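A.B. asks: Fold the stuff below for me.
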Amino acid sequence: MKKYLLLFIITFFVMSCSKKVEVKGKITGSSSLERIEFVEASGVGTLPLINIGLDKDGNFSGSFEAPKDGMYVINYAGRQNLIYLEGGQKVNISGNGATFPNEYIITGDAKKNNDFLTASMKFLADYGSKVNLAGLMGGDEAAFLKGMHKVEADINKNVDDLAKKNNPSKGLLEWKKNDIKVTILNLLANYEMSHGPMSGNPSYKASKAFKDYETQLETDKEAMVKSIPLYRQYLLVKMTPDFQKYAEANSKGKTGITTSEMFAQYLKTKKDLSQTAKDYLLAFVMAQADIHPTTTPANIDKIKKIIDSDIKDATIKSDLLKMQVAITGLKIGDAAPEAALAKQDGKAYNLSENKGKPYMLFFYASWNPYISEATVPVLKEVVNFYKSKMNFVFVNVDDTKDQFIKTSNSLLKGIQGVNVYGEGGLNSDIAKKYGVYGFKLPCFVIVDKDGKIASRSFVNLGEQELVTILDKQTGLAAPKVEPNAQMQPQLQLDPSAMQQAPQPANPQPAPTK
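C.D. replies: Here you go, the predicted structure:
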């Protein structure tokens, strides 16, 4: 009996500590081409945790591992909204396609928390319209501080009243209290920077009362820097003048140094900052300044080294590396990862079957509306021009194998290449290894004859850099055209015809030299 009791306790513990969030719901008047994504709002990588499709009636369902209890972003149809989620929850979300997720209704485990969150946001919108913020910002310091204390007190009173009514979780209530403090801190920082020029007193310096108020608001720095990106922005704004002086003094005679390198060196001089704060701030700057599609291979290597040596938090380190792969692609010269793939008949397919000949990986899904009208016509021209010297592997990342078969048969009919499916779509083995997300479709990667990565990830077949790589790998030479001129067959590679996929949301501007 004791044995069974122990097993029950272990099972209960595992279940109660689960980080998985199950979401389902219905969006009336939606399009089956739209997708719903969830992104951790307090993370550093801003990559979607899940990409969920809708059926013809607007129903959807899915589950994902929540990195932590906290604030998440819902993306749908180019619109965003916040939602508070906790691991182990079952959440039902409904709305109308015309207004979702700006407006939504939540039932299930997350109802109380998000009723509280929605009510507090509504109060802030109403309250903010009544506060003469411009007058406070333009007034003398004593009046400004008095106004800020009143704003803080009014908002906190509303939060306390809403907490009694909605009974939110302790974690959400603590987050909201800190969110209020961070909002006030940013107003203080704005006042300190702008008051001198606005008042005609360039020698203005914040008083002791001003600084004491800042200190009072920063009593929970670790929680703030972990959970509120706006606090990271506040810290960066405060240290920008000092960083600029440091960069000017330490960049003389140096060329090719990145913002991330300089900022990492600068942080080592900041003894007053915790390692947690340094990790989040450095990640913040990297994501904004030096992780982008056109980052050079040399700078990609520099960023990886900084991540390995200077970032101590394992989760932040992992998120940054995932983000780098998603934005810049796999490292050129590394072996192309094998992944679980299947043909239409169900037989397994290995990328190594192409060894001895270069090949292009083309990632796509039926729900990308630009595939048929923009990508496929250009793809046909590319394949026809290079097919004698290289192979083409068309990797479908639709939600189901049936949709893969239907899509590949209709969209790619008559185009020479191998049609394969990544089981699980964007959650598939191959999507994870190659950093493929919804914002990155369609996606093209070139692999050389030795099975090594030969290019960064491209989302546009018309990019001249991609054409140059194709020429180099095949020994062929695509027709040259004047810049901005539309290319005509036999090889039509018109950049304006292609869908430029949006990049993941980046943090606010980082300090630069």
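A.B. asks: Who are the packing partners of the longest helix that the chain contains?
C.D. replies: As assigned by DSSP state H, the longest helix anywhere in the chain is helix 170-199. Contact analysis of helix 170-199 by 3 or more CB pairs under 8 Å, 6 or more residues apart in numbering; DSSP states H and E lists strand 70-76, helix 111-130, helix 133-138, helix 141-166, helix 208-217, helix 221-227, helix 229-250 as its packing neighbours. (Each C-beta comes from the backbone N, C-alpha and C, glycine too.)
A.B. asks: pLDDT (mean, whole number) over it?
C.D. replies: For helix 170-199, mean pLDDT rounds to 94.
A.B. asks: got it, and stretch 120-140?
C.D. replies: Average pLDDT, stretch 120-140: 92.
A.B. asks: cool, and stretch 442-452?
C.D. replies: According to the model, stretch 442-452 has a mean pLDDT of 97.
A.B. asks: Please compute how far it lies from its chain's middle.
C.D. replies: Averaging C-alpha positions (CA atoms, centre = their mean, to the nearest Å) puts stretch 442-452 24 Å from its chain's average.
A.B. asks: what does that stretch rub up against?
C.D. replies: 329-330, 332-336, 351-352, 354-364, 368, 370-371, 375, 434, 436, 453-459, 461, 466, 469-470, 473, 499, 501 (CB atoms under 8 Å, 6 or more residues apart in numbering).
A.B. asks: at 6 Å instead, please
C.D. replies: Here stretch 442-452 makes contact (CB atoms under 6 Å, 6 or more residues apart in numbering) with 333, 335-336, 355-364, 375, 436, 454-455, 457-459, 469.
A.B. asks: just stretch 249-265 next, same as before
C.D. replies: Applying CB under 6 Å, 6+ apart, the set of residues contacting stretch 249-265 is 247, 282, 285-286, 289-290, 299, 302, 306, 310, 512.
A.B. asks: need the next SSE after the longest strand along the chain, C-terminal direction.
C.D. replies: Across the chain, the strand with the greatest residue count (assigned by DSSP state E) is strand 20-28. Where DSSP states H and E defines the elements, the next helix or strand beyond strand 20-28 is strand 35-40.
A.B. asks: send the alpha carbons of that following strand over as CSV?
C.D. replies: This file holds the C-alpha atoms of strand 35-40, laid out as CSV (Å, rounded to 0.1, in the frame of the first residue of the first chain):
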residue,chain,number,x,y,z
ARG,A,35,-2.4,31.7,-37.3
ILE,A,36,-2.3,32.3,-33.5
GLU,A,37,1.1,32.5,-31.8
PHE,A,38,2.1,32.8,-28.2
VAL,A,39,5.4,34.6,-27.2
GLU,A,40,6.9,35.0,-23.8
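A.B. asks: Packing partners of it?
C.D. replies: Counting contacts by 3 or more CB pairs under 6 Å, 6 or more residues apart in numbering; DSSP states H and E, strand 35-40 is packed against strand 50-53, strand 70-76.
A.B. asks: got a markdown table for those, with mean pLDDT too?
C.D. replies: Below are those laid out as a markdown table (pLDDT from 0 to 100):
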| stretch | mean pLDDT |
| --- | --- |
| strand 50-53 | 96 |
| strand 70-76 | 96 |
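A.B. asks: Not counting its neighbours along the chain, what's nearest Met71?
C.D. replies: Ala41 (4.1 Å; CB to CB, 6 or more residues apart in numbering).
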